[in-house]
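Engineer: pasted the sequence and its predicted model underneath.
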Amino acid sequence: MATQKVKRKSVSYAKWGYIFILPFFITFAVFTCVPLFSTIYNAFFENYLIQGWMQVGPNYVGIENFEKLFSVDVNLGKYFYNTFVMWIMGFIPQIVFSLLFAAWFTDLRLKLKTGGYKIIFYLPNVIMAAAMGMLFSVIFAPGGPVNDVYKAITGSTESIMFFENEWPLRGVVALINFLMWFGNTTIMLMAAINGIDPSLYESAQIDGANPRQTFFKITLPLIRPILLYVLITSLIGGLQMFDVPKLLTGNGMAADRSAMTIVMLLDNHLYSKNYGMAGAISVILFVVAAVLSLLVFAMVKEREPKKKKAKAQAEKGGTK
């Protein structure tokens, strides 16, 4: 009796994997790639409205839009300067306080229950930027509580005009960004520190290392990837800063445009339907963000080989 061979149909798991990830690529192409190429295309065309109703263009003008942006009349450098200054003013205290709180709450010797603290720290991140802007516009108003305290302490009868002076206005914007994002950064750094092998800290304590040495010799080097992620995401978010200064200054003309960011300038051109200039600003912003991100990656990659090389030479020297 002849034996019949049963053919088993193999399942192509790779095919189903591609099918499952296909919706993401379709969504990415439609909502990211198409607008990206459309923006680059518009950057080389003259396309705007006159008096709100007469359409001009699209007419190809080459790099004329970029030349206008770098002219003295537009003063593009001023808006980039404003953006970077307010980002740095908010990011430095953000990363410092986040590292301090993350190291404190993850200290094994303190044995703190961090669940409640995480909720408290993350709450400002949940609040809408519009609500934060309205709240701080009242707090720092001429008749607000901050000026009331200032007058009570100094005996002065004049209020500090936070929204009419350059650095006080930038300071308020930076303070809001700091309060909104330091909790999110703290939680990420806590997760990174909790992922470190506890035996490393135990060995350091046995060797007599103090908390400061442990933090700088063990914690910081091992959470460097997360710090890099925080730096790059914060940098890109800082370049896209819009909602908070927009809410505090309206059209951005307050205090000699000292808090007007590059995205606020982009929004002005979109509002006036000048799509050519808006596209040019978007392209410049994209290039700046990409270059800065690559520089940060390059700086980190350069340090790693040097450290490995120094460690190898030290080990080689010790074996002689």
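Structural biologist: Looks like it came in fine.
Engineer: and the end-to-end length of stretch 117-135?
Structural biologist: This stretch, stretch 117-135, spans 23 Å end to end (Cα to Cα, to the nearest Å).
Engineer: buried residues in it?
Structural biologist: 117, 121, 124, 132-133 (16 or more other Cβ atoms under 10 Å). The C-beta positions use only the backbone N, C-alpha and C, and glycine is treated the same way.
Engineer: reformat these as CSV; add secondary structure, distance to residue 220 and pLDDT.
Structural biologist: Converted to CSV, the buried residues of stretch 117-135 look like this (DSSP: H, G, I helix; E, B strand; the rest coil; distance: Cβ to Cβ, whole Å; pLDDT from 0 to 100):
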residue, secondary structure, distance to residue 220, pLDDT
117, helix, 21, 73
121, helix, 20, 79
124, helix, 26, 81
132, helix, 31, 88
133, helix, 34, 87
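Engineer: for the residues you listed, which one is nearest residue 68?
Structural biologist: Of all the buried residues of stretch 117-135, residue 68 sits closest to residue 133, with 30.9 Å by Cβ to Cβ.
Engineer: sorry, back to before: nearest to residue 200 among the buried residues of stretch 117-135?
Structural biologist: The closest of the buried residues of stretch 117-135, once distances to residue 200 are taken by Cβ to Cβ, is residue 117, at 23.9 Å.
Engineer: that closest one and residue 102: what is the separation?
Structural biologist: 11 Å (Cβ to Cβ, to the nearest Å).
Engineer: same thing with residue 161?
Structural biologist: From residue 161 over to residue 102 (counting by Cβ to Cβ), the distance is 37 Å.
Engineer: now swap in residue 46 and tell me
Structural biologist: Distance from residue 46 to residue 102, by Cβ to Cβ: 51 Å.
Engineer: please say which of the two ends up with more neighbours.
Structural biologist: Using other Cβ atoms under 10 Å as the criterion, residue 46 and residue 102 rank with residue 102 on top: 25 against 18.
Engineer: my guess is that one contacts residue 196. True?
Structural biologist: No: Residue 102 is not in contact with residue 196 according to Cβ atoms under 8 Å; the separation is 11.4 Å.
Engineer: determine which two of the buried residues of stretch 117-135 are furthest apart.
Structural biologist: 117 and 133 (25.9 Å).
Engineer: residue 259 in helix, strand or coil?
Structural biologist: Here residue 259 is recorded as coil under DSSP: H, G, I helix; E, B strand; the rest coil.
Engineer: correct me, but it touches residue 245?
Structural biologist: Yes: the pair residue 259 / residue 245 is scored as a contact, 4.5 Å apart, by Cβ under 8 Å.
Engineer: shared neighbours of the two, anything?
Structural biologist: 86, 173, 252 (Cβ atoms under 8 Å, 6 or more residues apart in numbering).
Engineer: the strands in the stretch 51-200 of the chain, which residues?
Structural biologist: 54-60 (DSSP state E, counting those that start in this stretch).
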